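**Student:** I need the structure of the sequence given here:
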Amino acid sequence: MSDPREAAARYRAEQASRDAGAGQAEQEASEKPAAAASRPSASTWRERSAYVETAIQQAVRRGEFDNLPGAGKPLAGLGGSHDPDWWLKRKIEAEGLTGLGPPALLLRTEYADLDARMDEHSREADVREALEDFNRRVIEARRQLLGGPPVVTPLVDVDERVGEWRERRDAAARAAAHARAAEREVGRPSWRERRATRRARRTQR
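**Tutor:** Model (predicted):
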(Lines give C-alpha, C1' and ligand atoms only; values in the text may rest on other atoms or scores of the structure.)
Protein backbone atom coordinates (compact mmCIF):
# COMPACT_ATOMS: atom_id res chain seq x y z
CA MET A 1 0.00 0.00 0.00
CA SER A 2 1.40 3.41 -1.05
CA ASP A 3 2.05 6.31 1.29
CA PRO A 4 -0.89 8.82 1.28
CA ARG A 5 1.55 11.77 1.37
CA GLU A 6 3.39 10.50 -1.71
CA ALA A 7 0.11 9.99 -3.55
CA ALA A 8 -1.02 13.51 -2.63
CA ALA A 9 2.28 15.03 -3.86
CA ARG A 10 2.04 13.11 -7.15
CA TYR A 11 -1.56 14.32 -7.60
CA ARG A 12 -0.57 17.96 -7.02
CA ALA A 13 2.30 17.67 -9.53
CA GLU A 14 0.06 16.17 -12.21
CA GLN A 15 -2.58 18.85 -11.60
CA ALA A 16 0.00 21.63 -11.89
CA SER A 17 1.28 20.12 -15.14
CA ARG A 18 -2.22 19.97 -16.60
CA ASP A 19 -2.92 23.58 -15.55
CA ALA A 20 0.32 24.78 -17.15
CA GLY A 21 -0.47 22.97 -20.38
CA ALA A 22 -3.95 24.43 -20.52
CA GLY A 23 -2.63 27.97 -19.93
CA GLN A 24 -0.08 27.66 -22.73
CA ALA A 25 -2.75 26.36 -25.09
CA GLU A 26 -5.00 29.29 -24.27
CA GLN A 27 -2.14 31.77 -24.84
CA GLU A 28 -1.30 30.25 -28.22
CA ALA A 29 -4.97 30.31 -29.19
CA SER A 30 -5.22 34.01 -28.28
CA GLU A 31 -2.01 34.91 -30.17
CA LYS A 32 -3.01 33.21 -33.41
CA PRO A 33 -5.97 35.53 -34.19
CA ALA A 34 -3.82 38.59 -33.38
CA ALA A 35 -1.07 37.41 -35.74
CA ALA A 36 -3.62 36.65 -38.42
CA ALA A 37 -5.16 40.09 -38.00
CA SER A 38 -1.77 41.82 -38.32
CA ARG A 39 -0.94 39.93 -41.51
CA PRO A 40 -3.24 40.97 -44.38
CA SER A 41 -4.69 38.15 -46.37
CA ALA A 42 -4.38 37.81 -50.11
CA SER A 43 -7.99 38.89 -50.53
CA THR A 44 -7.29 42.07 -48.54
CA TRP A 45 -4.41 43.00 -50.84
CA ARG A 46 -6.58 42.38 -53.90
CA GLU A 47 -9.31 44.55 -52.46
CA ARG A 48 -6.89 47.39 -51.78
CA SER A 49 -5.40 47.14 -55.26
CA ALA A 50 -8.85 47.21 -56.80
CA TYR A 51 -9.79 50.25 -54.69
CA VAL A 52 -6.65 52.16 -55.74
CA GLU A 53 -7.19 51.31 -59.40
CA THR A 54 -10.81 52.45 -59.21
CA ALA A 55 -9.80 55.74 -57.57
CA ILE A 56 -7.22 56.38 -60.32
CA GLN A 57 -9.71 55.68 -63.11
CA GLN A 58 -12.27 58.00 -61.53
CA ALA A 59 -9.64 60.77 -61.23
CA VAL A 60 -8.74 60.30 -64.91
CA ARG A 61 -12.39 60.63 -65.94
CA ARG A 62 -12.71 63.79 -63.85
CA GLY A 63 -9.70 65.25 -65.66
CA GLU A 64 -7.56 65.67 -62.57
CA PHE A 65 -4.50 64.47 -64.47
CA ASP A 66 -5.00 66.88 -67.39
CA ASN A 67 -2.61 69.78 -68.02
CA LEU A 68 -0.04 68.59 -65.52
CA PRO A 69 3.43 70.24 -65.68
CA GLY A 70 5.54 68.48 -68.28
CA ALA A 71 2.59 66.68 -69.90
CA GLY A 72 3.47 65.50 -73.40
CA LYS A 73 7.15 66.29 -72.93
CA PRO A 74 10.00 63.78 -72.70
CA LEU A 75 11.55 63.18 -69.33
CA ALA A 76 14.68 65.23 -68.78
CA GLY A 77 17.96 63.33 -68.83
CA LEU A 78 16.79 60.32 -70.87
CA GLY A 79 19.08 59.10 -73.63
CA GLY A 80 22.23 60.62 -72.17
CA SER A 81 25.09 59.05 -70.29
CA HIS A 82 24.53 58.15 -66.66
CA ASP A 83 25.54 60.90 -64.28
CA PRO A 84 25.82 59.74 -60.66
CA ASP A 85 25.30 63.34 -59.51
CA TRP A 86 22.15 63.92 -61.59
CA TRP A 87 19.90 64.38 -58.57
CA LEU A 88 22.21 66.92 -56.94
CA LYS A 89 22.76 68.80 -60.18
CA ARG A 90 19.01 68.96 -60.86
CA LYS A 91 18.35 70.18 -57.32
CA ILE A 92 20.94 72.95 -57.65
CA GLU A 93 19.54 74.02 -61.03
CA ALA A 94 15.92 73.94 -59.84
CA GLU A 95 16.65 75.91 -56.67
CA GLY A 96 19.15 78.28 -58.29
CA LEU A 97 21.73 77.40 -55.67
CA THR A 98 25.33 78.52 -56.03
CA GLY A 99 28.49 77.45 -54.27
CA LEU A 100 26.98 74.15 -53.11
CA GLY A 101 27.91 70.61 -54.03
CA PRO A 102 31.04 68.52 -54.53
CA PRO A 103 33.99 70.14 -56.34
CA ALA A 104 33.52 67.85 -59.35
CA LEU A 105 30.01 69.20 -59.96
CA LEU A 106 30.85 72.83 -59.22
CA LEU A 107 33.83 72.80 -61.58
CA ARG A 108 31.78 71.22 -64.38
CA THR A 109 29.10 73.88 -63.98
CA GLU A 110 31.70 76.65 -63.90
CA TYR A 111 33.47 75.24 -66.97
CA ALA A 112 30.21 75.28 -68.96
CA ASP A 113 29.75 79.01 -68.21
CA LEU A 114 33.41 79.95 -68.35
CA ASP A 115 33.18 82.25 -71.39
CA ALA A 116 30.26 84.17 -69.89
CA ARG A 117 32.17 84.53 -66.62
CA MET A 118 35.23 85.83 -68.41
CA ASP A 119 33.16 88.35 -70.40
CA GLU A 120 32.22 89.99 -67.10
CA HIS A 121 35.82 91.23 -66.78
CA SER A 122 36.95 94.36 -68.57
CA ARG A 123 40.72 93.94 -68.15
CA GLU A 124 42.87 91.23 -69.71
CA ALA A 125 44.88 90.86 -66.51
CA ASP A 126 41.71 89.99 -64.57
CA VAL A 127 40.72 87.40 -67.18
CA ARG A 128 44.13 85.76 -67.06
CA GLU A 129 44.08 85.68 -63.26
CA ALA A 130 40.60 84.11 -63.20
CA LEU A 131 41.62 81.40 -65.69
CA GLU A 132 44.76 80.55 -63.75
CA ASP A 133 42.70 80.32 -60.55
CA PHE A 134 40.28 77.94 -62.30
CA ASN A 135 43.14 75.65 -63.35
CA ARG A 136 44.52 75.69 -59.84
CA ARG A 137 41.19 74.60 -58.36
CA VAL A 138 40.83 71.81 -60.93
CA ILE A 139 44.27 70.45 -60.01
CA GLU A 140 43.45 70.58 -56.29
CA ALA A 141 40.12 68.82 -56.82
CA ARG A 142 41.79 66.03 -58.83
CA ARG A 143 43.81 65.09 -55.77
CA GLN A 144 40.55 63.99 -54.10
CA LEU A 145 41.61 65.34 -50.74
CA LEU A 146 38.01 66.15 -49.84
CA GLY A 147 36.51 63.02 -51.37
CA GLY A 148 33.55 63.03 -53.71
CA PRO A 149 33.13 61.90 -57.32
CA PRO A 150 36.11 62.00 -59.69
CA VAL A 151 36.91 65.29 -61.40
CA VAL A 152 36.65 65.10 -65.19
CA THR A 153 36.77 68.85 -65.90
CA PRO A 154 39.72 69.63 -68.20
CA LEU A 155 42.29 72.34 -67.67
CA VAL A 156 42.01 75.38 -69.92
CA ASP A 157 44.65 76.94 -72.15
CA VAL A 158 45.00 80.36 -70.57
CA ASP A 159 46.53 82.09 -73.61
CA GLU A 160 43.91 80.62 -75.95
CA ARG A 161 41.05 81.62 -73.70
CA VAL A 162 42.42 85.12 -73.30
CA GLY A 163 42.62 85.44 -77.11
CA GLU A 164 39.01 84.29 -77.45
CA TRP A 165 37.96 86.79 -74.78
CA ARG A 166 39.75 89.56 -76.68
CA GLU A 167 37.98 88.60 -79.93
CA ARG A 168 34.58 88.59 -78.25
CA ARG A 169 35.28 91.94 -76.64
CA ASP A 170 36.35 93.51 -79.96
CA ALA A 171 33.33 92.05 -81.74
CA ALA A 172 31.02 93.44 -79.06
CA ALA A 173 32.68 96.86 -79.37
CA ARG A 174 32.22 96.85 -83.16
CA ALA A 175 28.58 95.84 -82.79
CA ALA A 176 27.99 98.63 -80.28
CA ALA A 177 29.63 101.21 -82.57
CA HIS A 178 27.54 100.01 -85.51
CA ALA A 179 24.38 100.30 -83.42
CA ARG A 180 25.26 103.86 -82.37
CA ALA A 181 25.94 104.82 -85.99
CA ALA A 182 22.61 103.32 -87.06
CA GLU A 183 20.81 105.31 -84.37
CA ARG A 184 22.46 108.53 -85.55
CA GLU A 185 21.55 107.70 -89.14
CA VAL A 186 17.93 107.14 -88.19
CA GLY A 187 17.75 110.48 -86.45
CA ARG A 188 19.46 112.36 -89.34
CA PRO A 189 17.07 114.04 -91.88
CA SER A 190 17.15 112.84 -95.49
CA TRP A 191 18.54 114.96 -98.35
CA ARG A 192 15.00 115.86 -99.46
CA GLU A 193 14.18 117.05 -95.98
CA ARG A 194 17.39 119.08 -95.82
CA ARG A 195 16.67 120.67 -99.25
CA ALA A 196 13.14 121.55 -98.23
CA THR A 197 14.47 123.14 -95.07
CA ARG A 198 16.95 125.27 -97.04
CA ARG A 199 14.20 126.40 -99.44
CA ALA A 200 12.00 127.34 -96.54
CA ARG A 201 14.77 129.43 -95.04
CA ARG A 202 15.41 131.25 -98.34
CA THR A 203 11.70 131.96 -98.69
CA GLN A 204 11.57 133.44 -95.21
CA ARG A 205 14.36 135.82 -96.09
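
**Student:** now residue 150, what's its secondary structure?
**Tutor:** Secondary structure assignment for residue 150 (DSSP: H, G, I helix; E, B strand; the rest coil): coil.

**Student:** pLDDT wise, what is it at?
**Tutor:** With respect to pLDDT, residue 150 scores 79.

**Student:** what do you get for residue 167?
**Tutor:** For residue 167, the predicted pLDDT is 94.

**Student:** Tally up the residues packed near it, please.
**Tutor:** 10 (other Cβ atoms under 10 Å). Backbone N, C-alpha and C define where each C-beta goes, glycine included.

**Student:** Just the element for it, please.
**Tutor:** Here residue 167 is covered by helix 158-187, with elements defined by DSSP states H and E.

**Student:** for residue 131, same thing?
**Tutor:** Applying DSSP H and E, one finds residue 131 within helix 124-142.

**Student:** Could I get the buried residue list for that helix?
**Tutor:** Residues of helix 124-142 classed as buried: 127-128, 130-131, 134, 137-138, 141-142 (neighbour count, 16 or more other Cβ atoms under 10 Å).

**Student:** Tell me the one of those nearest residue 62?
**Tutor:** In terms of Cβ to Cβ, no member of those lies closer to residue 62 than residue 141, at 52.1 Å.

**Student:** mind checking how far the nearest residue to that closest one once chain neighbours are set aside is from residue 159?
**Tutor:** Residue nearest to residue 141 in three dimensions, not counting chain neighbours: residue 103, with 3.9 Å by Cβ to Cβ, 6 or more residues apart in numbering. Distance of residue 103 to residue 159, given as Cβ to Cβ, to the nearest Å: 25 Å.

**Student:** higher neighbour count, these two?
**Tutor:** More neighbours surround residue 103 than the other of residue 103 and residue 159, with 20 against 10 (other Cβ under 10 Å).
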